[in-house]
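*Asks:* sequence and computational prediction follow.
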Amino acid sequence: MGAYQVLIVGAGFAGSEAAYRLARAGVRVGLLTQSLDSVMMPFLPPKPPFPPGSLLEQAYDPGDERLWAFHARAKYLLEGEKNLHLFQATATGLLREGERVVGVDTWEGPSVAADRVVLAVGSFLGARLHLGEVEEEAGRLSEASYPDLFQHLLDLGFRFLPREASVPETPSTPGYRVRYHAFHPEEWEEATFRLPRLKGLYAVGLCVREGPYALMSQEGLRLAEHLLHELG
């Protein structure tokens, strides 16, 4: 048995929502993020309606639409769950035993063991950010992509489709474009969230489908319910 029953790589809307729901149901969850300062950090203020009872709904305050404040409320709720370990590291590859995924390797050195691994890596696979004439290897402004993990997945034979997203200018940040890669639809089972090329591997969020915050939240909840059913 791994250190975690479920390890989720990526603490955006889908990954955080799934982790929160699983932990509240008693599952030992690891939520790995490249930056604790960007946990569930929106580009723009989330707008209701939200899935009832979701982390997104609980973190939303209509009287305070500051992005940093929303992030802080969501992070506080995640950190308060006793079955959830939120930690900072960069996943570089999958740990495998035969055809089963049993955790991830990290850039920092220590590997992380888990019975099931969920990739919730958003727009960070093979990502290039374009800001005017400037181009950098990032999934969003000032946040590095996952180049090693992306190459590792390519080496394992996973297929991807290129996608592009635009982030509008705000009073505090410039507008920019991000070109990234999402798993090819044939690599992902929508009903089960599985990446069936390997056992024990799942994906959720922007790395498999596009949509607004509320849909990402709903997908995280749907994944959690599926995993709870699997775990019995």
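*Replies:* Thanks, I have it.
*Asks:* tell me the pLDDT at Leu95?
*Replies:* At Leu95, the predicted lDDT confidence score is 97.
*Asks:* name the strands paired with the helix or strand harbouring it and say parallel or antiparallel.
*Replies:* Applying DSSP states H and E as the criterion places Leu95 in strand 91-97. Here strand 91-97 has these sheet partners by DSSP bridges: strand 100-106 (antiparallel).
*Asks:* check which residues of the strand it pairs with are buried.
*Replies:* Going by neighbour count (16 or more other Cβ atoms under 10 Å), the buried part of strand 100-106 is Val101, Val102, Gly103, Val104, Asp105, Thr106. C-beta here means a position set from N, CA and C on the backbone, and glycine is covered the same way.
*Asks:* show me which of the residues you listed is closest to Val208.
*Replies:* Sorting these by how near they are to Val208, with Cβ to Cβ, puts Val101 at the top with 16.2 Å.
*Asks:* is it true that that closest one touches Leu95?
*Replies:* Yes: taking Cβ atoms under 8 Å as the contact criterion, Val101 and Leu95 are neighbours in contact, 6.8 Å apart.
*Asks:* what is in contact with those two at once?
*Replies:* Taking Cβ atoms under 8 Å, 6 or more residues apart in numbering as the contact rule, Val101 and Leu95 have no neighbour in common.
*Asks:* any idea which helix is longest in the protein?
*Replies:* Counting residues, the longest helix found in the chain (DSSP state H) is helix 213-231.
*Asks:* list the helices and strands it packs on?
*Replies:* Contact here means 3 or more Cβ pairs under 8 Å, 6 or more residues apart in numbering; DSSP states H and E; on that basis helix 213-231 packs against helix 13-24, helix 55-59, strand 112-119.
*Asks:* distance to Ala74 and mean pLDDT added to those, as TSV?
*Replies:* As requested, the helices and strands packed on helix 213-231 are exported to TSV (distance: least, Cβ to Cβ, whole Å; pLDDT from 0 to 100):
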stretch	distance to Ala74	mean pLDDT
helix 13-24	6	98
helix 55-59	4	97
strand 112-119	18	97
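*Asks:* now do the contacts for Phe193.
*Replies:* Val118, Tyr202, Ala203, Val204, Val208, Arg222, Leu223, His226.
*Asks:* same thing but at 7 Å, please
*Replies:* For Phe193, the residues meeting the contact criterion (Cβ atoms under 7 Å, 6 or more residues apart in numbering) are Tyr202, Ala203, Val204, Leu223, His226.
*Asks:* setting the sequence-adjacent residues aside, check what's closest to it.
*Replies:* By the measure of Cβ to Cβ, 6 or more residues apart in numbering, the closest residue to Phe193 outside its immediate chain neighbours is Tyr202, 4.4 Å from it.
*Asks:* likewise Gly157?
*Replies:* With sequence-adjacent residues excluded and distances taken as Cβ to Cβ, 6+ apart, Gly157 is closest to Arg197, at 6.6 Å.
*Asks:* who's in contact with that neighbour?
*Replies:* Neighbouring residues of Arg197 by Cβ under 7 Å, 6+ apart: Leu156, Gly157, Phe158, Glu187.
*Asks:* circling back: out of the helices and strands packed on helix 213-231, nearest to Lys82?
*Replies:* Using Cβ to Cβ and comparing the helices and strands packed on helix 213-231, the one that lies nearest Lys82 is helix 13-24, at 7.7 Å.
*Asks:* between helix 213-231 and the closest one, find me the angle.
*Replies:* Our comparison of helix 13-24 with helix 213-231, counting by axes from the mean of the first three to the mean of the last three Cα atoms, to 10 degrees, yields an angle of 40 degrees.
*Asks:* could you pull out the buried residues of helix 13-24?
*Replies:* Per 16+ other Cβ under 10 Å, helix 13-24 contains these buried residues: Phe13, Ala14, Gly15, Ser16, Glu17, Ala18, Ala19, Tyr20, Arg21, Leu22, Ala23, Arg24.
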